[in-house]
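In: Got a predicted model here, sequence first, then my questions.
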Amino acid sequence: RFLVAICTITAIIGGLLPPGIVWINEKVINFGIEVARGIRSFKEYIPYLMLFLLLSLLPQIIAMVKQAYIQPTVRLIMRTSVKGKLLCKLKAIKYEHFESEASTEIIDKAYNRAEEASLHLFPKYYMNGITSLIAVIGVLLLFIKVRWWLVITILLPFTLETYLSYKDQFNIYDEMETYWNMERQYGILGRMIKSRESLHESYANHSADYLINEYVSRLNKRNKKYESYFLRQNLSKISQIGNALILLFLFFNAQLNIGQLITLTLAVFATLWSELDTCVGIFRWAGHHINTYEYYDKYFLLSESSYGEINIIPADTTIEFKGVCFSYPGTTKLILDKLSFKINMGEKVAIVGENGEGKTTIIKLLLGLFQPSSGEILVGNIPLGNYSQHVREKMFGPVFQDFIQYNLTIGENIGIGDIDNIANEKKIWQAA
């Protein structure tokens, strides 16, 4: 609650600054001229200079509060709560999801984007929304004070550009794909026209002029299509120039003073449009964060590994496969087809075969990374699935051909295979 209160107060103060700065700048300019003319005393002018200095410093103070306190605190909270939940779920997710392209996309996007999406919504969008809304209302009131219809000349082009921008960006990837395909096709034609072989052929067929004209015609059609896109995306810039000219016209007709002309013109080109754009930014880019949370929800729906209740390593660790069949998720090819064998306790066995014959798959089934499609795996004459996760991890010590070497000492790399005894130097030497 305290953090939310700090964010809200900071955002409100930040929103009051832009109209406040526009107002004080106008006073400083106008009163400065009056002081120079002797109409106003410098003593009367000092409070406005002090206020000008304070309002000029406040944006830096607010930025410091955001960067030094708000953002690190929120990020720490997000990493503790969001990443904590993600990590707990990650440990429980069935291994088969890590070998599924669809599942790995969900895991990757949920794990790597959830934090940033959360930070965008709070505090960034939360604070920016409050700040920009207050700033826009405040600055527009200053324009209304001059002429009420200036609000229309400002908001109408911005609203139209925002709508067109949203419309264009709704299928932006389709638009880009279309553009790239057109570029590729025209590029092929352009390179063909320039090639030596094409020159020989075009001169022989008297087709050079036709090919060049066709290339130019196609490019012109492409350019006209994207010229309209460029115009739609720059309506606000055209509007800025138009509003600046309107203010200049009003000044020449003695309908606003020099301070208003300078400060409102600066607001038109900088403050106002920046705040307007920020104000609608959350709606313009909301799709990205919505998609992230869709993956976040899907992430927690991924199935989890299940383990048994037996929490004691059996005295007899004989391994037996009975008619085991297995095919990897999403495929129909049987890697193991009714495989049966028995390895008695104490036996040393080497399983030999060509690549893709199922040697590694047998180990993955023993470790419980995958479940057999049919058949049964027994350890000590007890179904493997009846053992707890702790026991199954203690019974097997696999070293895969693509094993990970951690950035630790050799002893720690050995000890990590039995994490409970990682500090037991005697056992590490025995294992080595």
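Out: Nice, thanks for sending it over.

In: what helix or strand does the most centrally placed residue in the chain sit in?
Out: The residue lying closest to the centre of the chain (Cα atoms, centre = their mean) is Arg113, at 5.1 Å. Arg113 is part of helix 101-119 when elements are defined by DSSP states H and E.

In: Give me the pLDDT for the residue nearest to the centre of the chain.
Out: In this model, Arg113 is scored at 79, pLDDT.

In: Skipping adjacent residues, who's closest to it in space?
Out: In this structure, Arg113 finds its nearest non-sequential neighbour in Thr292, 4.6 Å apart by Cβ to Cβ, 6 or more residues apart in numbering. All C-beta atoms are positioned from the backbone trio N, CA, C, and that covers glycine.

In: Show the contacting residues for that neighbour.
Out: Under the criterion of Cβ atoms under 8 Å, 6 or more residues apart in numbering, the neighbours of Thr292 are 109-110, 113-114, 116-117.

In: Would you mind listing which of those residues are buried?
Out: Burial by neighbour count, 16 or more other Cβ atoms under 10 Å: within the contacts of Thr292 this picks out 109-110, 113-114, 117.

In: how many neighbours does Ile70 have?
Out: Each residue near Ile70 was counted by other Cβ atoms under 10 Å, and the total is 20.

In: ok, and the closest non-adjacent residue to it?
Out: Leaving aside its chain neighbours, Ile70 sits nearest to Pro123 (5.5 Å; criterion: Cβ to Cβ, 6+ apart).

In: so which of the contacts of Thr292 comes closest to Lys333?
Out: Checking those against Lys333 by Cβ to Cβ gives Lys109 as the nearest, at 28.8 Å.

In: Wait, the closest one touches Tyr293, no?
Out: No: if you go by Cβ atoms under 8 Å, Lys109 and Tyr293 don't touch, sitting 10.2 Å apart.

In: Quick check: mean pLDDT of the helix or strand where Ile241 lies?
Out: Counting by DSSP H and E, the element that carries Ile241 is helix 235-252. For helix 235-252, the per-residue pLDDT values average out at 90.

In: For that helix, buried residues please.
Out: Buried-residue list, helix 235-252, by 16+ other Cβ under 10 Å: 235-236, 239-240, 243-244, 246-247, 250-251.

In: Show me the contact partners of the following helix or strand past that helix.
Out: Sequence-wise, the next helix or strand downstream of helix 235-252 (DSSP H and E) is helix 258-266. If you take Cβ under 8 Å, 6+ apart as the criterion, helix 258-266 is touched by 22-23, 25-30, 33, 142-143, 146, 244, 247-248, 250-251, 256.

In: List the buried residues for whatever helix or strand Pro157 lives in?
Out: Under the criterion of DSSP H and E, Pro157 resides in helix 150-170. Applying a neighbour-count criterion of 16+ other Cβ under 10 Å, the buried positions in helix 150-170 are 150, 154-155, 157-158, 161-162, 164-165.

In: And stretch 248-262, end to end?
Out: The stretch stretch 248-262 measures 9 Å between its terminal residues, going by Cα to Cα, to the nearest Å.

In: Repeat that for stretch 421-429.
Out: 12 Å.
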